[in-house]
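Q: Need a 3D model of the following:
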Amino acid sequence: MSELLVTAMDSANKIMQAQAVNTNNLANASTDGFRAEMAYISDLNSGGEVYSAPDLSHGAVRTTGRSLDVSINGEGWIAVIGADGTEGYSRRGDLQVDAFGQLSDGTGKPILGNNGPVALPPFSSVEIANDGTISIQPLGQTPNTLAVVDRIKLVLVAEDDLHRGEDGLMRLSSGQTASADSFVRVTSGSIEGSNVNAVAEMVKMIDLARRFEGQVKLMQSAQENASALSKIMSMS
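A: As a prediction, this is how the structure comes out:
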């Protein structure tokens, strides 16, 4: 197999990896709290490598008026429990309460409080203060009767200390868990959306498709050259 063909195949594979990241970003352009992944391909002429890192810039915040919706005001993260049972961090704030009173985000990941997953007793209404404190009007009680149930665990972590897990949650690179930070604030009745720039991702998709097409043409040329050389050698 010619060196040109091997190089073109390897480059095409690298481009496909970048395309997978780009496709995932576009698929989550409307997913609340989603953080885009930035993929970089080093010089393909020198072998090339694919590098990626999460884009931790903030998404646009929209007002919903729903008492269980919260958005982080400034820097910070909401602590949740991932599918593997470990603690992770997200800015997705479309909270919900299941039939057992457990508080979770829109994907069903349990929200962590002061002493583990937050569970709410039956209530008529719920309020979330800007420090994450959850108060409810117990079922059957008068409107002026509010009981503090728990406080959402909010953390503040330096961006350099975070990495994205396979489940999409952010975690500390050290493998440790962050402590609650009393200075992180939330705004009730609003949700932060995805930070994916759909237009930019579409432009990137077109660019990657053209680069992939270029590598396919190189592979075709390499095969044609090899075939032509083989015929010449057989004639000699």
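Q: number of nearby residues for residue 52?
A: 14 (other Cβ atoms under 10 Å). Bear in mind the C-beta positions are built from the backbone N, C-alpha and C, glycine included.
Q: what sits against it?
A: 21, 37, 38, 39, 40 (Cβ atoms under 8 Å, 6 or more residues apart in numbering).
Q: 7 Å - rerun?
A: Going by Cβ atoms under 7 Å, 6 or more residues apart in numbering, residue 52 touches 21, 37, 38, 39.
Q: Give the bridge partners for the last one, please.
A: To tie it back to what came earlier, the one meant is residue 39. residue 52 (DSSP bridges).
Q: So it versus residue 25, what's the distance?
A: From residue 39 over to residue 25 the distance is 9 Å, taken as Cβ to Cβ, to the nearest Å.
Q: the more surrounded of the two?
A: residue 25 (25 against 21).
Q: The more buried one reaches residue 38, doesn't it?
A: No - counting by Cβ atoms under 7 Å, residue 38 is not a contact partner of residue 25; they are 8.8 Å apart.
Q: hmm, back to that, now for residue 39 and residue 25: what residues contact both?
A: Counting by Cβ under 7 Å, 6+ apart, nothing touches both residue 39 and residue 25.
Q: Just give the closest residue to residue 15, not the sequence neighbours.
A: residue 212 (4.6 Å; Cβ to Cβ, 6 or more residues apart in numbering).
Q: Using the three-state scheme, assign the one you found.
A: Secondary structure, DSSP: H, G, I helix; E, B strand; the rest coil: residue 212 is helix.
Q: and it, what does it touch?
A: Applying Cβ under 7 Å, 6+ apart, the residues contacting residue 212 are 12, 15, 16.
Q: Looking at it now. What's its pLDDT?
A: Model confidence at residue 212, given as pLDDT, is 86.
Q: how near is it to residue 9?
A: Residue 212 is 12 Å from residue 9, by Cβ to Cβ.
Q: any idea how the protein splits into domains?
A: 3-55+196-235, 61-192 (automatic domain parsing).
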